[in-house]
Every structure is written in structure tokens, then in C-alpha cells.
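K.L.:
Here is my input, please return the structure:
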Amino acid sequence: MLDIAIYACLLVLAFVTLYPFWNSLVISFNDGNDTAAGGVTFWPRAFTLENYRYVFKDNRMIHAFWITVARTAAGTFLSILFTSMFGYAMAKRGLIGKKFYMIVCVITMYFSGGLIPSYLLIKQLHLMNTFWVLIVPGIISVWNMIIFRTFFQGLPDGLEESAKIDGCNHLSTFFRIVVPVSGPVIATLSLFTAVGHWNAWFDASIYITNSKLLPIQVILNQTVRSILAFESSTQVSATKQEFLLGLQSVTHKSVVMSTTMVATIPIVLVYPFVQKYFVKGVLVGSLKE
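P.N.:
Predicted coordinates for the structure are as follows:
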């Protein structure tokens, strides 16, 4: 009986967790006016692709998608590279000034300079309206560094000692010995970092005015706002008005759901490739012998 109760609770939890996502997917493929009538739950009642046609009508969407892919790939790689090297250095027992560096790092986790000083700094660094403004400011994660440090401290000392005997310096030891045995923590933190880059939109909306550099999250936000403006007001461009009048099945809710799927599904598809590392790596840093 206890096993039955546990499985029942897990099934209910899984349903409560997955149903909102599934219902959003169903609504994104359903006629908007039909959805407004209610009752659309597990399957599209009036199947249509008009919602996605509207989302991808803007030519900027495809370009923004590849900007986001490039940002996610480059940002994840560089962030994991520099953060792991930082964590490896902080894991060294003989590092001079180690406690001071750690205090400075922890302070940055609780306090920041604020939006205006950050904006002025980005401007003085000539990063405004560049692709690198999406990557460089967040290239080091103190939280991820602490997790890397904890993981590296748990590695056997014999690994580095044998590498030193073979003539490896710190850099060679890191890339040839430490990195190959750090698969779980690298995969897990890479996944978290990639999700963060994929979903980020605020930095681009602040530091970028060039539409060719905007990521997909910003474009999707603008798309949702445009159709909402049309439904609440007639003050929109003639082109958009003519297009929306030709899509009688499109409503604000249906477009919101379709844009949610466009922004969510690509990054969700990454999870199966790192699943074997995720269960082990997600606990890295929580316990230390």
C-alpha cells in the first residue's frame, strides 16, 4: 500500500508539472477564437498553424534565433572555460591571498553597482551595440566557481602529482588531467549556463539598439506586444493591421502560447543529451567529505 501511495503521489506531481506545458502547446496549435470559447485541454479542437505563421512572419525572427544560438554556444563555452579555470585556481591550497579573493567574490554575489553604473561601464568599454555585450559581462559566475572549486578539491591529489612527475605545468594539468574527469560538473553547469543565456533578454534590451543583434527573446516580446496593441487599440501600422485582419484565428493568447513554445522547446531538447551527467552533477558541491 505504501508503494501504491508513493507512485500515486508521483503521478499526480508529474501531471501537475507537465500539464501546463502540454496545454500551452495544444493552445499554440489551436484556433485562437476557438480557444477563447474555452474547453481546450489535451488536444487541439480546431487545429491551425496560423499562430506560428504570424510569429515567423517577421524576417527578424530567424536572424534573432541564430543570434540566440550563437550567444548560447559562445557564452556557455567561454563562461565554463574561465569559471572552471578560476575555480581550479581557488582550489589550490597554497594560493596567496586566497581568502581575500574569496571575500571579494562573495561580496559581488550580494551587492552590485546598480543599473546606471553598469550601463556607464559598458559604454566606456565600447561594448554597446556589440555581440560581446551579451557574453562578456557575465562570463564569470561566482556561484559556479564555488561549485567547481568544491569539485576540484575532492579530486585525488595523486592525479596532479603524477602529472607533475610527467612534466605538466598547471595549465597542462588542468586541460589534460582535471577536465577529462570533470564531466558531470561541467555538463551540469553548462546546462544551467546555457538555459540562462537562452532565456536572457533584459541585457539585450538595455545595451542593444541595433535590431540585427537582438536575441529571439526580445523579438518574441515585441511580437506579443504588437498583437496586444492591435487588440487594445487601432493605433498600429497599416501593414500589421492588414496582416492581422487576414488571420482571423490569431488572438493574443494563441500568439503568447506559440511564442512560448518557440522560446522553450529548443533549449528543452538539450536536456536528453546531458541527462546521464545531470543526476550525478546536480549534487556536486552540496556535500563535501
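
K.L.:
Was I right to think M85 contacts T173?
P.N.:
No: with contact defined as Cβ atoms under 8 Å, M85 does not count as touching T173 (11.6 Å). (Each C-beta comes from the backbone N, C-alpha and C, glycine too.)

K.L.:
so where do the helices sit in the stretch 101-250 of the chain?
P.N.:
115-124, 142-153, 157-165, 170-173, 183-199, 202-207, 216-232, 238-245 (DSSP state H, counting those that start in this stretch).

K.L.:
got a markdown table for these, with mean neighbour count and distance to S24 too?
P.N.:
Putting these into a markdown table (neighbours: other Cβ atoms under 10 Å; distance: least, Cβ to Cβ, whole Å) gives the following:
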| stretch | mean neighbour count | distance to S24 |
| --- | --- | --- |
| helix 115-124 | 12 | 32 |
| helix 142-153 | 20 | 30 |
| helix 157-165 | 12 | 47 |
| helix 170-173 | 14 | 47 |
| helix 183-199 | 20 | 16 |
| helix 202-207 | 16 | 23 |
| helix 216-232 | 18 | 14 |
| helix 238-245 | 12 | 22 |
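
K.L.:
JSON lines for those helices, including mean pLDDT?
P.N.:
Below are these laid out as JSON lines (pLDDT from 0 to 100):
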{"stretch": "helix 115-124", "mean pLDDT": "90"}
{"stretch": "helix 142-153", "mean pLDDT": "90"}
{"stretch": "helix 157-165", "mean pLDDT": "80"}
{"stretch": "helix 170-173", "mean pLDDT": "86"}
{"stretch": "helix 183-199", "mean pLDDT": "88"}
{"stretch": "helix 202-207", "mean pLDDT": "90"}
{"stretch": "helix 216-232", "mean pLDDT": "74"}
{"stretch": "helix 238-245", "mean pLDDT": "52"}
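
K.L.:
who wins for proximity to F131 among those?
P.N.:
Between F131 and those, the tightest spacing by Cβ to Cβ is seen for helix 202-207, at 10.2 Å.

K.L.:
Output that closest one as CSV, restricted to C-alpha atoms.
P.N.:
The C-alpha coordinates for helix 202-207 follow below in CSV (Å, rounded to 0.1, in the frame of the first residue of the first chain):
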residue,chain,number,x,y,z
PHE,A,202,17.0,42.2,-20.2
ASP,A,203,20.7,42.9,-21.0
ALA,A,204,19.9,43.0,-24.8
SER,A,205,17.0,45.3,-24.3
ILE,A,206,19.2,47.7,-22.3
TYR,A,207,22.6,47.6,-24.2
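
K.L.:
roughly how far out does it sit from the chain middle?
P.N.:
Per Cα atoms, centre = their mean, to the nearest Å, the displacement of helix 202-207 from the mean C-alpha position of its chain is 15 Å.

K.L.:
Show me what that helix is packed up against.
P.N.:
Contacts defined by 3 or more Cβ pairs under 8 Å, 6 or more residues apart in numbering; DSSP states H and E place helix 202-207 against helix 115-124, helix 216-232.

K.L.:
10 Å - rerun?
P.N.:
If you count contacts as 3 or more Cβ pairs under 10 Å, 6 or more residues apart in numbering; DSSP states H and E, helix 202-207 packs onto helix 60-90, helix 115-124, helix 216-232.
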